[in-house]
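[1] let me see the structure of the following:
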Amino acid sequence: GFAALGQWQLERGIASAIVIERDTETVQPLADVTSPQEPTNTVADGQRVSVDGAFAPNSWIVLSGRSDGTGSSDSDGAWVVGRFVTDVSGTPASVAVAVGWAATPSEAASVADSLDDPSAGDRLAVATTIIGRYLPGEPPQLDDFENGELSSVSLPALVNLWPGEVQQVYGGYVVPDTSVDGLDPIEALLPTTEVQLNWLNIFYAVEWVVFAGFAIYMWFRLVKDAWERETDPDDSG
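    Okay, the predicted model is just below:
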């Protein structure tokens with residue numbers, strides 16, 4: 001019984017370290033892998049997706065302290081993030097889209113202003129299809145408000161800055177394969193999964209081995225004592 005319990009505990013400790021292989025590179029519709037108003041689950045995390053819709057005007061936000069994802073540049077650059085509106089079961093839903101990277105926040109801000117230039121005819125406010133990698137939203141940075149700038153793709157913060165009525169919002173954001181004019185593409189790498197053993201369960205498995213050894217020792221002592229009593233006539237015990 002102790003051996004069976006130890007094996008069960010060991011299997012539980014190892015099972016948590018098994019990585020489930022999944023196909024993240026086959027493009028799937030965003031609505032098939034996740035839904036608005038839901039956190040990003042393991043199925044959607046890092047999945048390449050496609051989404052149909054259009055960018056909402058005046059929704060461009062500059063995030064400072066961002067790298068281009070290639071590892072060749074530092075984090076002094078900036079992203080331009082826009083609100084992309086799609087249709088989910090007849091109800092508009094918004095998803096944040098990082099449309100590109102610039103070396104400095106001022107360059108990113110200049111591009112963001114040009115995207116909503118009336119003379120350009122809101123060139124991104126047209127129906128289109130975006131293909132890219134879907135990543136989970138990030139927690140807000142405490143120094144964002146103190147410095148008067150944003151540096152994380154925090155959906156609650158973005159929703160408060162987007163103009164107009166925002167009904168439904170996806171919990172993650174999309175990094176497209178291509179960027180808008182004036183910005184460099186962002187390299188969205190597949191998130192790595194850290195594999196760790198559940199050492200608590202491993203410790204419990206070792207404990208069951210110790211218990212089994214103690215049970216065998218107790219059995220040995222009891223049998224030995226009984227044998228000594230039967231074979232030693234002078235034993236008063």
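[2] going by C-alpha atoms from here, please, whenever you check contacts or count neighbours.
    Noted.
[3] send the alpha carbons of whichever strand or helix holds residue 107 over as CSV?
    Residue 107 is located in helix 105-115, with elements delineated by DSSP states H and E. As requested, the backbone C-alpha atoms of helix 105-115 are provided in CSV (Å, rounded to 0.1, in the frame of the first residue of the first chain):
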residue,chain,number,x,y,z
PRO,A,105,8.9,57.4,-28.2
SER,A,106,8.9,60.6,-30.2
GLU,A,107,9.2,58.7,-33.5
ALA,A,108,6.4,56.4,-32.4
ALA,A,109,4.2,59.4,-31.4
SER,A,110,4.8,61.0,-34.8
VAL,A,111,3.6,57.9,-36.6
ALA,A,112,0.6,57.6,-34.3
ASP,A,113,-0.4,61.2,-35.1
SER,A,114,-0.1,60.6,-38.8
LEU,A,115,-2.3,57.5,-38.7
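[4] what packs against that helix?
    Packing partners of helix 105-115 (3 or more CA pairs under 8 Å, 6 or more residues apart in numbering; DSSP states H and E): strand 61-66, strand 77-88.
[5] the inter-axis angle of whichever helix or strand comes after it versus strand 77-88?
    Later in the chain than helix 105-115, the nearest helix or strand by DSSP H and E is strand 128-136. Relative orientation of strand 128-136 versus strand 77-88 (axes from the mean of the first three to the mean of the last three CA atoms, to 10 degrees): 110 degrees.
[6] hmm, who's touching strand 128-136?
    Contact partners of strand 128-136, identified using CA atoms under 8 Å, 6 or more residues apart in numbering, comprise 27, 39-40, 44-54, 171-177, 188.
[7] adjacent strands (with direction) for that strand?
    strand 48-55 (antiparallel), strand 168-176 (antiparallel) (DSSP bridges).
[8] would TSV of those with mean neighbour count be doable?
    Shown next, in TSV, are those (neighbours: other CA atoms under 10 Å):
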stretch	mean neighbour count
strand 48-55	21
strand 168-176	24
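[9] right, so of the ones you listed, which gets closest to residue 102?
    Ranking these by proximity to residue 102 (CA to CA) places strand 168-176 first, at 14.4 Å.
[10] lowest-pLDDT helix or strand in the protein?
    Within the chain, no helix or strand scores below helix 143-147, which has a mean of 57 by mean pLDDT, DSSP states H and E.
[11] mind showing which ranges of this structure have poor pLDDT?
    Within the chain, the ranges that satisfy pLDDT under 70 run 13-21, 71-75, 117-126, 142-148, 191-199, 233-237.
[12] so in the chain, which helix runs the longest?
    Counting by DSSP state H, the longest helix found in the chain is helix 199-231.
[13] list the helices and strands that helix packs on?
    Using 3+ CA pairs under 8 Å, 6+ apart, helix 199-231 sits against helix 2-15.
[14] so how far is the helix it packs on off the chain centroid?
    On the basis of CA atoms, centre = their mean, to the nearest Å, helix 2-15 sits 29 Å off its chain's mean C-alpha point.
[15] I am finished for the moment; much appreciated.
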